[in-house]
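S.K.: Structure of the sequence below:
(one chain, ligands or ions: 1)
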Amino acid sequence: MKFDVLTLFPEYFEVLKQSIIGRAIKNGLIEVNITNIRDFSKDKHSKVDDAPYGGGAGMVLMPNVVYDAYKALDGNDNPRVIYLSPQGKQLNQNKVIELSKEKHLILLCGHYEGIDQRVLDEIVDEEISIGDYVLTGGELPAMVLIDSVSRYVEGVLSDDSSKEESFSEGLLEYPQYTRPEEFLSKKVPEVLISGNHSNINKWRRKEAIRNTFLKRPDLLKKIELSEEDKKALKEIENECQNWFWPLIFRN
Ligand code: 4HQ
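M.R.: Down below sits the predicted model:
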């Protein structure tokens with residue numbers, strides 16, 4: 001899968017050379033090409049922005065420079081052009097999975113006050129936001145998108161991680177433990193040391209449901225629970241009803 005990024009700050013994207021995404025790039029599983037919009041300025045001082053018509057603070061990225069940068073990319077494979085903006089639909093895991101099926105994405109990053117509307121209308125297929133807060137530019141959102149989408153490209157995650165993720169689809173994660181067996185008088189849950197993998201899987205599924213019920217009950221309504229899941233949820237609800245009795249009867 002190929003990502004083309006149009007930005008005035010190419011150095012931001014050095015971050016993608018790290019860790020899992022860095023390895024995916026090295027292994028040729030994904031390709032990330034960064035284009036500096038400034039390289040397409042025809043101005044002798046490499047000017048890319050100008051004052052807004054109608055007045056006001058800030059600068060606006062000029063349409064012709066953005067258009068020329070876009071036109072210099074390979075458009076033969078019908079790429080989808082995404083503009084990162086708080087005006088877009090909010091990115092979620094369903095959108096991430098949908099985007100991971102594309103061959104080629106072009107990510108346009110605005111900075112300053114924004115980009116001239118005419119070039120946006122001309123080249124952008126869809127606007128995507130990473131959440132309701134204001135950033136200084138679209139570079140971090142573009143990297144969030146590249147990171148989240150790349151995880152669904154074949155070979156980027158280990159087979160184990162992909163399988164485990166489908167096991168807990170739509171739920172929050174279960175709690176994890178490693179050595180030592182006892183830390184600050186807290187023991188690792190017995191079942192995890194038992195070696196009984198059927199019981200371990202059942203326990204993990206229930207704790208994932210518990211985490212979701214306690215922290216993000218909105219997510220629970222969006223997924224289909226099996227009969228065994230529903231039983232676990234009822235147990236969790238009962239456990240929640242009873243937890244305060246030891247506090248009432250202390251002394
Ligand atoms: N910006 N999700 C303003 C964002 C943003 C977001 C990107 C700031 C675009 C011009 N983008 N520029 N939140 O705040 O995607």
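
S.K.: Flag every residue of this protein that's near the ligand.
M.R.: Residues of the chain lying close to the ligand by CB under 6 Å from any ligand atom are 84-86, 110, 114, 129-131, 133-135, 137-138, 141. No exception for glycine: its C-beta is placed from N, CA and C like everyone else's.

S.K.: Looking at these, which two lie furthest apart in space?
M.R.: Spatially, the most separated pair among those is 114 and 131, at 17.9 Å (CB to CB).

S.K.: Which one's more surrounded, the two?
M.R.: residue 114 (18 against 10; other CB atoms under 10 Å).

S.K.: Can you give me every residue that contacts that one?
M.R.: 60, 61 (CB atoms under 8 Å, 6 or more residues apart in numbering).

S.K.: so what's it scoring on pLDDT?
M.R.: If you check residue 114, the pLDDT there is 90.

S.K.: again with residue 127
M.R.: pLDDT, residue 127: 98.

S.K.: There's contact between residue 147 and residue 19 in this structure, I believe.
M.R.: No: the criterion here is CB atoms under 8 Å, and residue 147 misses it with residue 19 at 9.5 Å.

S.K.: of the two, who's got more company?
M.R.: Legend: neighbour count by other CB under 10 Å for residue 147 and residue 19, higher for residue 147 (15 against 10).

S.K.: three-state assignment of the more buried one?
M.R.: Secondary structure, DSSP: H, G, I helix; E, B strand; the rest coil: residue 147 is helix.

S.K.: Could you pull up the residues touching the nearest residue to it once chain neighbours are set aside?
M.R.: Leaving out its chain neighbours, the residue that sits closest to residue 147 by CB to CB, 6 or more residues apart in numbering is residue 21, at 5.9 Å. Residue 21 makes contact with 30, 146, 147, 150, 156 under the criterion CB under 8 Å, 6+ apart.

S.K.: my read is residue 21 is in a helix, agree?
M.R.: Yes: counting by three-state DSSP, residue 21 is located in a helix.

S.K.: Not counting sequence-adjacent ones, nearest residue to the residue most central in space within the chain?
M.R.: The centroid of the chain falls nearest to residue 148 when counting by CA atoms, centre = their mean (3.9 Å). Excluding the flanking residues, the one nearest residue 148 by CB to CB, 6+ apart is residue 96, at 4.6 Å.

S.K.: Measure how far the helix or strand where that neighbour lies is from the centre of its chain, please.
M.R.: Assigning secondary structure by DSSP states H and E places residue 96 in helix 93-99. Offset of helix 93-99 from its chain centre (CA atoms, centre = their mean, to the nearest Å): 9 Å.

S.K.: Roughly how far does the residue in the stretch 151-251 of the chain that the ligand sits nearest to sit from residue 97?
M.R.: Residue of the stretch 151-251 of the chain nearest the ligand, by CB to the nearest ligand atom: residue 151 (19.0 Å). Distance, residue 151 to residue 97, by CB to CB, to the nearest Å: 10 Å.

S.K.: And those two? Which one has more around it.
M.R.: With neighbours defined as other CB under 10 Å, residue 151 and residue 97 compare such that residue 151 has more, 18 against 13.

S.K.: contacting residues for the residue nearest to the centre of the chain?
M.R.: Residue 148 sits next to 91, 93, 96 when contact means CB under 8 Å, 6+ apart.
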